[in-house]
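Asker: Please find the sequence and the predicted model below.
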Amino acid sequence: MWLKQLSVLNFKNYSESSLEFLPEVNAFTGNNGVGKTNLLDAIHYLSLCKSYFNPIDSQHIKSGNDWFMVQGEFDKESISDFISCSLKKNQ
């Protein structure tokens, strides 16, 4: 099983972003502070419904918003499964 696509909305420093992955090797590159680790944490959140870094879910909501969503498409032997995790403040 491999992650084929990842979408984040209002997650940490991301307003909206969507990424597609290859079944082989993928890499995140960029300057410090641009959100590479936040993307890895989004993958962790999608896989385990919790952050690797912070147990307080509401702290993953981008500042100025009241919800976040992480969505992914996983491929297993050419069959796609779609998974979503979201949180709204005070719910």
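Answerer: That came through fine.
Asker: Grab the most central residue of the chain for me.
Answerer: Residue closest to the average C-alpha location in the chain (CA atoms, centre = their mean): residue 42, at 2.7 Å.
Asker: Give me the helices and strands touching whichever strand or helix holds that one, please.
Answerer: Here residue 42 is covered by helix 36-48, with elements defined by DSSP states H and E. Contacts defined by 3 or more CB pairs under 8 Å, 6 or more residues apart in numbering; DSSP states H and E place helix 36-48 against strand 2-11, strand 14-20, strand 67-76, strand 79-88. To be clear about C-beta, it is placed using only N, CA and C from the backbone, and glycine gets the same treatment.
Asker: contacting residues around it?
Answerer: For helix 36-48, the surrounding residues in contact (CB atoms under 8 Å, 6 or more residues apart in numbering) are 3, 6, 8, 11-14, 17, 19, 28-30, 50-53, 60, 70-72, 83, 85.
Asker: Centre of the chain to it, how far?
Answerer: 5 Å (CA atoms, centre = their mean, to the nearest Å).
Asker: how much space between residue 49 and residue 24?
Answerer: Distance, residue 49 to residue 24, by CB to CB, to the nearest Å: 27 Å.
Asker: what about those two, which has more around it?
Answerer: residue 49 (12 against 6; other CB atoms under 10 Å).
Asker: list the contacts for that one?
Answerer: Counted by CB under 8 Å, 6+ apart, residue 49 has contacts residue 85.
Asker: pLDDT at it, what is it?
Answerer: Looking at residue 49, its pLDDT stands at 93.
Asker: Begin at 56, not 1, for the rest of this chat.
Answerer: OK, 56 is where the count begins now, so the last one is residue 104.
Asker: Show me the shaky parts of this protein.
Answerer: Scanning the chain for pLDDT under 70 picks out nothing.
Asker: what are the bridge partners for residue 116, then?
Answerer: residue 66 (DSSP bridges).
Asker: Tell me how many other residues surround it.
Answerer: 17.
Asker: so what's it up against?
Answerer: Counted by CB under 8 Å, 6+ apart, residue 116 has contacts 65, 66, 122, 123, 142, 144.
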